[in-house]
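Student: Have a look at this prediction, sequence included:
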Amino acid sequence: MQENVFVALGSNLEAPREQLRQAVAAIAALDGVVLRAASSHYGSAPVGYDDQPDFVNAAVRIATTLSPRALLTALQAIEQAQGRERSFRNAPRTLDLDIVLFGDRVQGDPELTLPHPRAHERAFVLLPLQELSPDLQIPGQGPVAALAARCAEQRIARLD
């Protein structure tokens, strides 16, 4: 059975827009994954650690037969292939790929929490999701459009 999944992408090092384009192509090439849509790119201020360049963010909607854990492993391999280093929390990065929603699944596994535990607080996740699916709901949090409206003070701009 295929699951409808949303993945958030972010980069602020080494040509971020190109990093995102390469990541979308790599996700689309995964066995068991069909790329359904990719959002525009958005520029956003860093969160959690301010002394770094702004980010470029996007999201993709995929259909997959992979389990959540198998998809996470595949996404982490893409991050590694594109030079991701995990030096400290919220550090600058070449690529960050986060599973935001995996169907309607809710899980609190230490390796993978679904839906993503902070997605509902972040405009750089919500606006690309809203672009891909205007009526999307985050289980336990509500409609993406309403959640995005609550993040109006966060600095973000559509780039394309």
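Tutor: Looks like it came in fine. Numbering: from 1, shown residues only.
Student: how about the helices in this protein?
Tutor: For the chain, the helices defined by DSSP state H cover 16-28, 68-81, 123-132, 144-149.
Student: Redo those as JSON lines? Include mean pLDDT and mean neighbour count.
Tutor: Placement of C-beta: from N, CA and C, glycine included. Output for the helices of the chain, formatted as JSON lines (pLDDT from 0 to 100; neighbours: other Cβ atoms under 10 Å):
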{"stretch": "helix 16-28", "mean pLDDT": "98", "mean neighbour count": "19"}
{"stretch": "helix 68-81", "mean pLDDT": "97", "mean neighbour count": "17"}
{"stretch": "helix 123-132", "mean pLDDT": "98", "mean neighbour count": "24"}
{"stretch": "helix 144-149", "mean pLDDT": "97", "mean neighbour count": "18"}
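Student: so where's the chain shaky on pLDDT?
Tutor: For the chain, no stretch has pLDDT under 70.
Student: If we go by neighbour counts, what in stretch 89-96 is buried?
Tutor: 91-96 (16 or more other Cβ atoms under 10 Å).
Student: which residues touch it?
Tutor: 8-14, 19-20, 23, 46-49, 52-53, 78-79, 82-85 (Cβ atoms under 8 Å, 6 or more residues apart in numbering).
Student: Then stretch 61-75?
Tutor: Residues contacting stretch 61-75 (Cβ under 8 Å, 6+ apart): 1-7, 27-28, 30, 32-38, 97, 99, 102, 105, 107, 111-112, 114, 132-133.
Student: hmm, try it at 7 Å
Tutor: 2-7, 27, 30, 32-37, 97, 99, 102, 105, 112, 114, 132-133 (Cβ atoms under 7 Å, 6 or more residues apart in numbering).
Student: Please list the members of those residues that lie in strands.
Tutor: 3-7, 33-37, 97, 99, 102, 114 (DSSP state E).
Student: What subset of the contacts of stretch 61-75 is buried?
Tutor: Neighbour-count burial (16+ other Cβ under 10 Å) is assigned, among those, to 3, 5-7, 27, 30, 33, 35, 97, 99, 102, 112, 114, 132-133.
Student: before we move on, the earlier item: could you dump the buried residues of stretch 89-96 to TSV with distance to Phe124?
Tutor: TSV is the format used below for the buried residues of stretch 89-96 (distance: Cβ to Cβ, whole Å):
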residue	distance to Phe124
Ala91	16
Pro92	15
Arg93	13
Thr94	17
Leu95	14
Asp96	11
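Student: which of those residues lies closest to Gln154?
Tutor: Asp96 (16.9 Å; Cβ to Cβ).
Student: is that closest one in a bridge, and if so with what?
Tutor: On the basis of DSSP bridges, Asp96 is bridged to Gly10.
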